[in-house]
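Novice: Here's a sequence, model it:
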Amino acid sequence: MKSLKRSVAAVLSIAFMIAAGSASKGVCQPTQSQGESSKKVTQTDTSVKLEQYFQKARKELKNNASAAGAQIHKAAALLKKEANQAQGRSKQWMLESYQELEELSARVQKGAVKTVEELDNTFSRAHAALADYYRQRASDSWAKKTISETGQALNEAALHLESGWDWSKSKADKASKATIDSAKQVSKKIARGSGWVSEEISRSIDALEREIGKLSKDTKKHQP
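Specialist: Sure, this is the predicted structure:
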């Protein structure tokens, strides 16, 4: 009996050391609180609709300026709605983009915009503004250790950064692509509820900030 007790104690001791070793490396082990976030990462309806409006506007510009302008106006309204939930720099950035979209909508409806390039650059800036907003949300959520919200915001920031580069003339470089892919992967790990590392979340948030700044500078360079 004493031998059995000693064996059980030894097994428990080994298990404890393994768990402690994993924790010291910063690896998040699945827990009940994280398990509740084990779901597929999805894009918000607002983000999906915004891109749909942009695509429709670009398609309609040549043959139906009025319809194209209406789509841009819808996109502007969505951006303003998101801006109402933001604070600080992100709010200002989104409101500036909202105003730019409204002005573009009016010019398109008057027939003053003849090429899609002007649309592309404005749409890119809108995505950059939203990417910054969601990056800030990820940072705030991470500071509060609300993990599920952090993962969702990281994914949104990455997707908007990706879309911003897709609309830009310059396109994403290797650093931006790597940042986007990394943020998406971290978000998926968080959604699964295990496997994420604290350091990689912080790195993703910081890297997104750098790459969003790079996109912002690029769109200003091409601004008419």
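Novice: what does the model give the closest residue to residue 59 other than its chain neighbours for pLDDT?
Specialist: If you skip the residues right next to it in sequence, residue 59 has residue 68 as its closest partner in space, 7.9 Å away by Cβ to Cβ, 6 or more residues apart in numbering. Every residue, glycine included, has its C-beta placed from N, CA and C. Confidence at residue 68, expressed as pLDDT, is 97.
Novice: Could you point out the longest helix of this structure?
Specialist: The helix that spans the most residues within the chain, counting by DSSP state H, is helix 116-143.
Novice: Any buried residues in that helix, and which?
Specialist: Of the residues in helix 116-143, those buried by neighbour count under the rule 16 or more other Cβ atoms under 10 Å are 118-139, 141-142.
Novice: Counting neighbours, which bits of whichever strand or helix holds the residue nearest to residue 59 end up buried?
Specialist: Element membership for residue 68, per DSSP states H and E: helix 65-83. Counting neighbours by 16+ other Cβ under 10 Å, one finds that the buried residues in helix 65-83 are 65, 68-76, 78-80, 82-83.
Novice: Touching, residue 218 and residue 172? I think so.
Specialist: No: counting by Cβ atoms under 8 Å, residue 172 is not a contact partner of residue 218; they are 9.8 Å apart.
Novice: Contact partners for the spatially most central residue of the chain?
Specialist: With distances taken as Cα atoms, centre = their mean, the chain has residue 157 as the residue nearest its mean C-alpha position (1.2 Å). When contacts are counted by Cβ atoms under 8 Å, 6 or more residues apart in numbering, residue 157 is found next to 131, 132, 134, 135, 137, 138, 183, 208, 212.
Novice: residues near residue 220, how many?
Specialist: 11 (other Cβ atoms under 10 Å).
Novice: likewise residue 113?
Specialist: Residues near residue 113, counting by other Cβ under 10 Å, number 22.
Novice: just for the protein, where's the confidence low?
Specialist: For the chain, the stretches with pLDDT under 70 are 1-42, 222-224.
Novice: how about a cut-off of 90?
Specialist: For the chain, the stretches with pLDDT under 90 are 1-47, 85, 87, 89-90, 114, 169-171, 193-197, 217-224.
Novice: Could you pull out the helices in it for me?
Specialist: With DSSP H as the definition, the chain shows helices at residue ranges 2-24, 32-35, 45-60, 65-83, 88-109, 116-143, 147-167, 174-192, 198-221.
Novice: re the thing from before, which strands and helices sit next to the longest helix of the chain?
Specialist: Helix 116-143 is packed against helix 45-60, helix 65-83, helix 88-109, helix 147-167, helix 198-221, with contacts defined by 3 or more Cβ pairs under 8 Å, 6 or more residues apart in numbering; DSSP states H and E.
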